[in-house]
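Asker: using only what follows, build the 3D model:
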Amino acid sequence: MRIGRMATVAGPHVCAIEDDRVVDLALAACAAGQDWIAPLFRDMRLFLAAGEAAREAAWQLARTGPGAPLEAVRLLAPIEAGSKILAHVVNYADHGAEGKLTPPEQPFFFTKLPGTVVAPGDPICGHQASRKMDYEAELAIVIGRQGRDIAEDDAYAYVAGYTVCNDVSYRELQANEAAPSLTGRYGQNWIQGKSLDRSCPLGPAIALATDIPRPYPLRISCRVNGELRQDASTEQMIYKVPALIAHISRAMTLQPGDVIATGTPSGCGVADGRYLRPGDVVECAIERIGTLRNTVMAAV
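Answerer: The predicted structure follows:
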């Protein structure tokens, strides 16, 4: 079972997804006479924070509740507005090589801002400020418990599940091409190179950690207009989930629903100059999690 967020006339609801069948868990709870639990299914953070009991209730309701075909449902990004999006830099050696970047000696993160989030099927935004818009298929960790200073040995206990992230990047902004001296003094421009509006598709759903206890090895890929551009295994990550969670949680509290994007393998446009153009269809897929499909809209 995968968990997602769906649009309803009453606002976003948490839903269960089994193959091509979707169950609105808030609606199913009310239909089963369990109105008391329905609020848990109106906010993904509440649902995740409720832990195993909520997941068991969701599993039961998914089996018996009224379902709808996936094609008839509008899925939303699986995280709530305001959740942290923390992303790792080079975490696959081959991607570092194609981008002429040396992998970091320890985990190293940047943030993607709330306005970047894009739902499955919704358009990625081009911008006049950039002509080097790139794709990056990534495994994203979804946090399920509040925690700070988490030990590596305990890290998996804080994972609710995994989803797919497309860390859309604007390469000439990231590399300070208009003012190269800035890189030597201040480093790359991670904010504008990574956080322009509508540059972080997430979804289509969260595969729960109960079904994927360890996300290795999983095939990760990206297609642009049907052409395979990225094709790798999560086993190739330099820093695995425990190291990432332990490092980013130092003196920083992680909350249910926060996301940690774990880096991308090789095959990005930065390698050969084949950047995204308006009308391109980008499909990022991870085995056992799903396919995140978005179209590039013209610069605005």
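Asker: so R45 sits in a strand?
Answerer: No - according to DSSP: H, G, I helix; E, B strand; the rest coil, R45 belongs to no strand; its state is helix.
Asker: and for it, the neighbour number?
Answerer: 17 (other CB atoms under 10 Å). Where C-beta positions appear, they are placed from N, C-alpha and C, glycine not excepted.
Asker: who's in contact with it?
Answerer: The neighbourhood of R45, defined by CB atoms under 8 Å, 6 or more residues apart in numbering, consists of E80, S83, Q255, P256, G257.
Asker: the strands in the stretch 1-150 of the chain, which residues?
Answerer: 2-6, 13-18, 21-24, 67-69, 75-76, 85-88, 109-111, 117-118, 124-125, 133-134, 137-143 (DSSP state E, counting those that start in this stretch).
Asker: alpha carbons of the second one, in PDB - could you do that?
Answerer: Provided in PDB are the C-alpha atoms of strand 13-18 (Å, rounded to 0.1, in the frame of the first residue of the first chain):
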ATOM      1  CA  HIS A  13      -7.300  14.200   2.100                       C
ATOM      2  CA  VAL A  14      -4.900  11.400   2.800                       C
ATOM      3  CA  CYS A  15      -5.600   8.400   0.500                       C
ATOM      4  CA  ALA A  16      -4.400   4.900   0.100                       C
ATOM      5  CA  ILE A  17      -3.300   3.600  -3.300                       C
ATOM      6  CA  GLU A  18      -3.300   0.000  -4.300                       C
END
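Asker: report the buried residues of it.
Answerer: Buried positions in strand 13-18, judged by neighbour count with 16 or more other CB atoms under 10 Å: H13, V14, C15, A16, I17.
Asker: from the chain's centre, how far out does it sit?
Answerer: Centroid displacement of strand 13-18 relative to its chain, using CA atoms, centre = their mean, to the nearest Å, is 17 Å.
Asker: begin at 11 from here
Answerer: Okay, residue one is now 11; in that scheme the one you just asked about reads as strand 23-28.
Asker: thought E148 was touching V174?
Answerer: Yes - at 7.5 Å, E148 counts as touching V174 under the criterion of CB atoms under 8 Å.
Asker: anything in contact with each of those two?
Answerer: Residues touching both E148 and V174 by CB under 8 Å, 6+ apart: C294.
Asker: quick one, helices of the protein?
Answerer: Under the criterion DSSP state H, helices of the chain are mapped to 35-41, 54-59, 61-74, 103-108, 181-184, 191-196, 200-204, 251-258, 279-282.
Asker: what's the closest of those helices to G14?
Answerer: helix 54-59 (8.7 Å; CB to CB).
Asker: show me what contacts the closest residue to K94 other than its chain neighbours?
Answerer: Nearest residue to K94, sequence neighbours excluded (CB to CB, 6 or more residues apart in numbering): D268, at 4.3 Å. For D268, the contact set (CB under 8 Å, 6+ apart) comprises I89, S93, K94, I95, L96, V152, I153.
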